[in-house]
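Student: heads up, no residue letters with this:
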Ligand code: ASP
Ligand code: MG
């Protein structure tokens, strides 16, 4: 019998009524002659609510206890969905992370899955049960509860699908699939029928909030077929597929944006070996993720150094950088939290020249100033003033996706 893993996100299990709808869909899948393992997120908003409770007690909650708390969200939805299935007369059983034994490392809040003991799941399936597994959580070697980072139930689902060698991992969400850009900004955004893993990773890391990046990496590594689709319709969604050289690839598959970063600049840093290390080590130790970094030495023996960090961390980052700046005798520190990163992503860029130039021309024509640029083989990102985000996204989508024939 084919085995299907279905993952339902927070909105899909956001109310008891919706949980009943999910139960019906799971049932239809089973009646279609499949074994079904369901992975669920917490009900929409629950994880944030729990996190806020912890923050009422402490600015920096103890990480172990915070993970115990956050894992509770998925415990609730897992039990409710199992109850819903039972009330339809189905045999179903819930499992928490430690019961399956999803073993992770001990990095609380961003743990990585090391192994999954699929035996208990397989036994329950063999008994004819539908298996419901709590996403987002695991246990470390010492049985401490861990969580996989925000959006982590995507990763739970793909990892379980890999461990069980499932036919497909269906990720059910509140949109029809992966779009060429955010339809809320750009009404001409289109659903993609398929997207390559590498494009999805770039899109997720530049602002598309569809899948946790780690889940895409796992799908790629273990060749898990992933289908991202809506739990509110029957329409086919977007398939994550392996890159196929023979397939006709478009130049740009998606336009993304991210308003969650802030830009920090150190002015006139002496141009000596070791200074970048001195600047970034304290930031790394504070667990702040630096995204773009730009440095360019000038003839006077100093260099300005600009980088971006998550907005949520920028005050902490500035405090650290100001300390370093005075030690190394930089001229000063400036900060701009009102920036946005706008990116175009597509494997077609590998083989086409002039994509960056075209992007810069399009932005120039609209009078949008580019503050930073960074590229990968299949992505170009620019940092611009936040207030031009929507304009930039529309212009780029229009040129590269809507009218790509006219480029
Ligand atoms: N409930 C967790 C979160 O809100 C995990 C998930 O939804 O995937 O981040
Ligand atoms: Mg999610």
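Tutor: Sure, I can see it. What you see is a predicted model; the values in this text were computed from it and never measured. Ligands and ions are numbered 1, 2, ... in the order given.

Student: residues contacting the residue in the stretch 201-350 of the chain that ligand 2 sits nearest to?
Tutor: Across the stretch 201-350 of the chain, the shortest distance to ligand 2 (C-beta to the ion) belongs to residue 212, at 6.8 Å. Every residue, glycine included, has its C-beta placed from N, CA and C. By C-beta atoms under 8 Å, 6 or more residues apart in numbering, residue 212 lies in contact with 148-152, 154-155, 204.

Student: any idea how far it lies from residue 219?
Tutor: According to C-beta to C-beta, to the nearest Å, residue 212 and residue 219 sit 11 Å apart.

Student: list the strands paired with the helix or strand of the chain with the lowest mean pLDDT, with their directions.
Tutor: Lowest mean confidence among the helices and strands of the chain (mean pLDDT, DSSP states H and E): strand 293-297, at a mean of 89. The pairing partners recorded for strand 293-297 under DSSP bridges are strand 302-310 (antiparallel).

Student: in the strand it pairs with, what's buried?
Tutor: By 16 or more other C-beta atoms under 10 Å, the buried positions in strand 302-310 come out as 302-310.

Student: equivalent analysis for stretch 45-54, please.
Tutor: Of the residues in stretch 45-54, those buried (16+ other C-beta under 10 Å) are 46-47, 50, 54.

Student: which among those residues gets closest to ligand 1?
Tutor: Using C-beta to the nearest ligand atom, residue 47 is the member of these that sits closest to ligand 1, with 3.4 Å.

Student: skipping its backbone neighbours, what lies nearest that closest one in space?
Tutor: Closest residue to residue 47 apart from its sequence neighbours, by C-beta to C-beta, 6 or more residues apart in numbering: residue 73 at 4.9 Å.

Student: correct me if wrong: that neighbour contacts residue 42.
Tutor: Yes: when contacts are counted by C-beta atoms under 8 Å, residue 73 is listed as touching residue 42 (2.8 Å).

Student: give me the common contacts of these two.
Tutor: Both residue 73 and residue 42 are contacted by residue 136, under the criterion C-beta under 8 Å, 6+ apart.

Student: show me what whichever strand or helix holds residue 85 is packed up against.
Tutor: Element membership of residue 85 [criterion: DSSP states H and E] is helix 63-87. Counting contacts by 3 or more C-beta pairs under 8 Å, 6 or more residues apart in numbering; DSSP states H and E, helix 63-87 packs against helix 16-31, strand 35-40, helix 46-57, strand 92-95, strand 130-134, strand 137-139, strand 145-147.

Student: need the contact list for whichever residue of the stretch 151-300 of the chain sits closest to ligand 2.
Tutor: For the stretch 151-300 of the chain, the residue closest to ligand 2 is residue 151, as judged by C-beta to the ion, at 4.3 Å. The contact partners of residue 151, by C-beta under 8 Å, 6+ apart, come to 209, 211-212.

Student: tell me which parts of this structure are close to ligand 1?
Tutor: Proximity of the chain to ligand 1, by C-beta under 6 Å from any ligand atom, involves residues 10, 41-42, 47, 73, 135-136, 150-154.

Student: can you list those residues in TSV and add distance to residue 268 and pLDDT?
Tutor: TSV is the format used below for the residues of the chain next to ligand 1 (distance: C-beta to C-beta, whole Å; pLDDT from 0 to 100):
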residue	distance to residue 268	pLDDT
10	47	97
41	47	98
42	48	98
47	43	98
73	48	98
135	48	98
136	45	98
150	37	96
151	40	96
152	42	98
153	46	98
154	44	98
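
Student: take the contacts of residue 151 and keep only those in helices.
Tutor: Assigned to helices by DSSP state H, none of the contacts of residue 151 qualify.

Student: adding pLDDT, write the residues you listed out as CSV.
Tutor: Converted to CSV, these look like this (pLDDT from 0 to 100):
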residue, pLDDT
209, 87
211, 95
212, 96
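
Student: which one of those is nearest to residue 224?
Tutor: Closest approach between the contacts of residue 151 and residue 224, by C-beta to C-beta: residue 211, at 12.2 Å.

Student: for the chain, which segments count as helices?
Tutor: Under DSSP H, the chain gives helices at 16-31, 46-57, 63-87, 97-100, 119-126, 153-164, 197-205, 213-221, 275-285, 314-328, 355-365, 389-397.

Student: tell me which of those helices sits most buried.
Tutor: Mean neighbour count (mean count of other C-beta atoms under 10 Å) peaks for helix 153-164 among the helices of the chain, with a mean of 28.
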